[in-house]
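**Q** I'll drop the sequence and a predicted model, then ask my questions.
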There are 2 protein chains.
Amino acid sequence: MPSGPPPLSRIELVTIGDELLLGFTIDSNAAHIARELAAIGVKVVRRATVGDDTAEIASAVQAALDRTGAVITTGGLGPTSDDLTKPAIAQLFGRSMHVDEAHVLWMEDRWQRRFGRSLPLANRRQAMIPDGARVLENRHGSAPGIWLEDDSGRWVAMLPGVPREMRGMMADVLLPTLAERAMVGGATVVRSRTLRTTGVAESLLADNIDSMDGEPLGASLAYLPSIDGVDLRLTVHDLPPDEADAVIAIAASRLVSRVGGAVYGEQDADLAAIVLELCRSRNDTIGIGESCTGGMLGARLTAIPGSSDVFRGGAVTYHDDLKESLLGVSTDSLARHGAVSEAVVRQMAAGARRIAGASIGLAITGVAGPTGGTEEKPVGTVWIGVDFRGDVHARLLNAWGDRQENRYRATQATLELLRHLLQSPAETAVG
Amino acid sequence: MPSGPPPLSRIELVTIGDELLLGFTIDSNAAHIARELAAIGVKVVRRATVGDDTAEIASAVQAALDRTGAVITTGGLGPTSDDLTKPAIAQLFGRSMHVDEAHVLWMEDRWQRRFGRSLPLANRRQAMIPDGARVLENRHGSAPGIWLEDDSGRWVAMLPGVPREMRGMMADVLLPTLAERAMVGGATVVRSRTLRTTGVAESLLADNIDSMDGEPLGASLAYLPSIDGVDLRLTVHDLPPDEADAVIAIAASRLVSRVGGAVYGEQDADLAAIVLELCRSRNDTIGIGESCTGGMLGARLTAIPGSSDVFRGGAVTYHDDLKESLLGVSTDSLARHGAVSEAVVRQMAAGARRIAGASIGLAITGVAGPTGGTEEKPVGTVWIGVDFRGDVHARLLNAWGDRQENRYRATQATLELLRHLLQSPAETAVG
């Protein structure tokens, strides 16, 4: 049997950049990489973030190599003078740097075609690579990735920090390589499955799940509260792929039986996408009438590719006179009940349905904060309404976050109300 | 002179949670903490992320303590069974745990008042604290923070992982304590200042800045490309506060003189807020007509507190028949030029201004992707329009990101076009 590198199962990430360390940028790359690796059975066991500092980069990468021998870095490959990843790691491996002329030519060509001008000097730096390195092609930008490996099989893969470029390089080049190495030893995998809930507090879910008699879930369970609601994430580790799939399927069905109706989807499902799909299958269409959310509900629905066969449009009526002129809310209702009221949200929902020529109208009006609250209607008071094929349903929310949270939660609650209407037994019988 | 702990200048963060490490949650807490600390002259020198694993938590905290003696952790204080931070760190400090009865009573009272029911069992776990620990009050949730310090002055501050709770605890309790320690030695500070630009590529900005003769900036400069544009961040380290302020002010003015018109704001300024303020000072009001962005522009404008004195509302016209019925776009223009065209965006902008009763109408229509592109109008083709007090201006964008990026860039470009109109010399002379 030929000897090769040991099967890959554990990896560390080192994300690089003053902007990450000082908090000017949020590190979304690390999350993406970890998810992609988990799916091929490779576990990220630690992540370190260091600034644009050659010594810190080298020290963090060295420590990670000593623990796992397998390291992915992001950041510090750009054209500007704060990009130090390549020289720091080349030095760690005792390699010099040289200009990759093929990459210079490729970039020259790209700039001429895209911008009609020659390559800026700053970009030439990106063509410097460590001796003996493999270049990882970057379809989405000008900084190539670098793979550097020593004689004992310890390696570092350097990816760019720009998310789109990093993601493309992961998918095109790095994942196939790593998947091959992971499978060498008949690897075990990490499998996780997330059930998404909204509208029920974390500790109430926990009480429900824990107090049930019956069989254990058979997988570890994490509660992940977020602005969307509470995600319930099941995870199994260190099983062969088939067995892991079976165990997690059983755990998921046991969990669903305990929290049932609160679950609107799985993994990173967006409630807007779930609702669009339900509408699509029932030939329903949606119109909107938004006040305090200012268009956020429409923006969420149209964020979903293909939403145009369900979503038609509507009105943003931040000012009360537009509630009248665009949605047909009565002057009298506004005067008697105020803009944040059940009477007004009902007329907004009906108006949204009518002006959009849709079967469903969605409306939101509330006090998003931070100011504008009164004793009777404090900040976070939001009325939501759904005109469901002519029947108007309204609900009062009492959100208690900041302005953006309150607005987002209002869109989430509106979509959740519509989901329940679309999935109600009567509706299911018809659909 | 009484001896005390050494002045605080360097700190490490350890963020804890399988959800962070496996990439199910993006770590926004770390960025927030780093920014807050920089402002009081404390530098985050490294950040580590580990999973819900007692040994990993202990190992990462120990390594960080060995390097700096000052560690903040987030996460792992919640009521559910995957919360291991307190026991792991208590063990590291050789401390036992006990129930803090005062905290139990406080939580009981809080649950009774807020939910009208008694405390769930799962929440009682949150009242366990290490012997000798100081409890950090949590105004926004039920998990208290913990401060643990040994005889040699090395300390760990444990904060909750829920962003709102963490932020409140930082502001209320931790920052005042740390600021006092940082100032003991007449500390030097980190100061940074960010100039935000949009619409100009990173390497073109770099060529502009580098090729200028003249005095050096005197501060380090980082280029931070994001979906908003490119931020230019100046940073100075290790100077006393007054000197740092002076140096960075000079650097900023030199930088502005080199990139001038591209700068729309500083720090984390939102272009929407900048534009609203410009409108406010000129008594302008805004109406919107959005197609491919589906309400995102309105959502961005209304995300800014106090936007109601400028933003009035408008129409979301995802379907072409609504462009006609709600915004008055002519059937003929739609048929002859298509929905994504200069003719249509001009009529949308004028219609938005009219139906909202505003002085300015903003309109966006485009092919956001991933499908719907043609040879003539590929994905990323977006027309934006501004009806500026009766004069309509239109621009063609060629965005090349994914659907959400293209949509967001369209809102950014629309706001930037309006900013230029509001700040044009003629306008400035009037305003």
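**A** Perfect, thanks for sending it.
**Q** shaky segments in the stretch 301-431 of chain A?
**A** Applying pLDDT under 70 to the stretch 301-431 of chain A flags residues A:426-431.
**Q** give me the residue from it nearest chain B.
**A** A:Thr302 (2.8 Å; Cβ to the nearest Cβ). All C-beta spots, glycine's among them, are computed from the backbone N, C-alpha and C.
**Q** Would you confirm that that residue contacts B:Thr293?
**A** Yes - assessed by Cβ atoms under 8 Å, A:Thr302 is found in contact with B:Thr293 at 7.2 Å.
**Q** So if I had to pick from those two, which one is more boxed in?
**A** Shown here are A:Thr302 and B:Thr293; by other Cβ atoms under 10 Å in any protein chain shown, B:Thr293 has more neighbours (31 against 27).
**Q** phi, psi of the more buried one?
**A** When read as degrees, to the nearest 10, the backbone of B:Thr293 gives phi -80, psi -10.
**Q** my guess is it contacts A:Leu301, does it?
**A** No - B:Thr293 is beyond contact range of A:Leu301, at 11.6 Å (criterion: Cβ under 8 Å).
**Q** sorry, back to before: what residues are up against the residue of the stretch 301-431 of chain A closest to chain B?
**A** A:Thr302 is in contact with A:Ser308, A:Phe311, B:Cys292, B:Thr293, B:Gly294, B:Gly295, B:Met296, B:Tyr318, B:Ala368, B:Arg407, counting by Cβ atoms under 8 Å, 6 or more residues apart in numbering or on different chains.
**Q** and if you look at A:Thr177?
**A** Going by Cβ under 8 Å, 6+ apart, the list of residues near A:Thr177 reads A:Trp147.
**Q** Which of the three states applies to it?
**A** The three-state label given to A:Thr177 by DSSP: H, G, I helix; E, B strand; the rest coil is helix.
**Q** Give me the local confidence score for it.
**A** As summarised for this prediction, A:Thr177 has a pLDDT of 88.
**Q** gap between it and A:Ile16?
**A** Applying Cβ to Cβ, to the nearest Å, the value for A:Thr177 to A:Ile16 is 21 Å.
**Q** Could you do A:Gly380 as well?
**A** 40 Å.
**Q** ok, the two, which is more surrounded?
**A** For A:Gly380 and A:Ile16, the more surrounded residue by other Cβ under 10 Å is A:Ile16, and the numbers stand at 30 against 21.
**Q** How about A:Ser325: what's its closest non-neighbour residue?
**A** B:Ile355 (7.4 Å; Cβ to Cβ, 6 or more residues apart in numbering or on different chains).
**Q** So the one you found sits against B:Gly287, correct?
**A** Yes - using Cβ under 8 Å, B:Ile355 is in contact with B:Gly287, at 6.5 Å.
**Q** pLDDT of the host helix or strand of A:Ala157, averaged?
**A** According to DSSP states H and E, A:Ala157 maps onto strand A:155-159. Mean pLDDT, strand A:155-159: 96.
**Q** again, but for stretch A:218-231
**A** 85.
**Q** Which positions within that stretch qualify as buried?
**A** A:Ala219, A:Ser220, A:Leu221, A:Ala222, A:Tyr223, A:Leu224, A:Pro225, A:Asp228, A:Gly229, A:Val230, A:Asp231 (16 or more other Cβ atoms under 10 Å in any protein chain shown).
**Q** What of stretch A:387-397?
**A** A:Asp387, A:Phe388, A:Val392, A:Ala394, A:Leu397.
**Q** Could you tell me which of those residues belong to strands?
**A** Applying DSSP state E to these, the entries found in strands are A:Asp387, A:Phe388, A:Val392, A:Ala394, A:Leu397.
**Q** Let me have those in a markdown table, adding distance to chain B as columns.
**A** A markdown table is the format used below for those (distance: Cβ to the nearest Cβ, whole Å):
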| residue | distance to chain B |
| --- | --- |
| A:Asp387 | 16 |
| A:Phe388 | 20 |
| A:Val392 | 20 |
| A:Ala394 | 21 |
| A:Leu397 | 15 |
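**Q** Quick check: longest strand in chain A by residues?
**A** strand A:229-239.
**Q** What's the local residue count around A:Ala335?
**A** Neighbour tally, A:Ala335, other Cβ under 10 Å: 9.
**Q** same deal with A:Asp268?
**A** If we define neighbours as other Cβ under 10 Å, then A:Asp268 has 12 of them.
**Q** ok, back up a step: would TSV of the buried residues of stretch A:387-397 with distance to A:Pro240 be doable?
**A** Listed next are the buried residues of stretch A:387-397 as TSV, based on distance: Cβ to Cβ, whole Å:
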residue	distance to A:Pro240
A:Asp387	51
A:Phe388	47
A:Val392	53
A:Ala394	52
A:Leu397	46
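**Q** sorry, back to before: show me which of the buried residues of stretch A:218-231 neighbour chain B.
**A** Filtering the buried residues of stretch A:218-231 for neighbours of chain B using Cβ under 8 Å from any Cβ of the partner chain leaves A:Ser220, A:Leu221, A:Ala222, A:Tyr223, A:Leu224, A:Pro225, A:Asp231.
**Q** Now the first one, what are its backbone angles?
**A** Okay, so that is A:Ser220. Torsion angles, degrees, to the nearest 10, at A:Ser220: phi -80, psi 150.
**Q** ok, now which ones touch A:Thr74?
**A** Here A:Thr74 is in contact with A:Leu13, A:Val14, A:Thr15, A:Ile16, A:Asn29, A:Ala30, A:Ile33, A:Met158, A:Leu159, A:Pro160, A:Gly161, A:Met166 (Cβ under 8 Å, 6+ apart).
**Q** Correction: the previous question concerned A:Gly141.
**A** Neighbour list for A:Gly141: A:Pro160, A:Val162, A:Arg164, A:Glu165 [criterion: Cβ under 8 Å, 6+ apart].
**Q** Please repeat the previous calculation with a cut-off of 10 Å.
**A** By Cβ atoms under 10 Å, 6 or more residues apart in numbering or on different chains, A:Gly141 lies in contact with A:Leu77, A:Gly78, A:Arg110, A:Gln126, A:Pro160, A:Val162, A:Arg164, A:Glu165, A:Met166, A:Gly168, A:Met169, B:Pro225.
**Q** again with A:Ile384
**A** By Cβ under 10 Å, 6+ apart, the neighbours of A:Ile384 are A:293, A:297, A:345, A:348-349, A:362-366, A:393-397, A:409-418.
**Q** Tell me if it really is in a strand.
**A** Yes - looking at A:Ile384 with three-state DSSP, it is inside a strand.
**Q** now it, nearest residue through space, not along the chain?
**A** A:Thr414 (4.5 Å).
**Q** Relative to the whole chain's centre, how far out is whichever helix or strand comes after the strand holding A:Ala157?
**A** Downstream of strand A:155-159, the next assigned helix or strand under DSSP H and E is helix A:163-169. Computed by Cα atoms, centre = their mean, to the nearest Å, the chain-centroid distance of helix A:163-169 equals 15 Å.
**Q** Could you list every helix and strand that helix A:163-169 packs against?
**A** Under the contact definition 3 or more Cβ pairs under 10 Å, 6 or more residues apart in numbering or on different chains; DSSP states H and E, helix A:163-169 sits against helix A:28-39, strand A:70-74, strand A:145-149, strand A:155-159.
**Q** Which of the ones you listed sits closest to A:Leu239?
**A** helix A:28-39 (13.0 Å; Cβ to Cβ).
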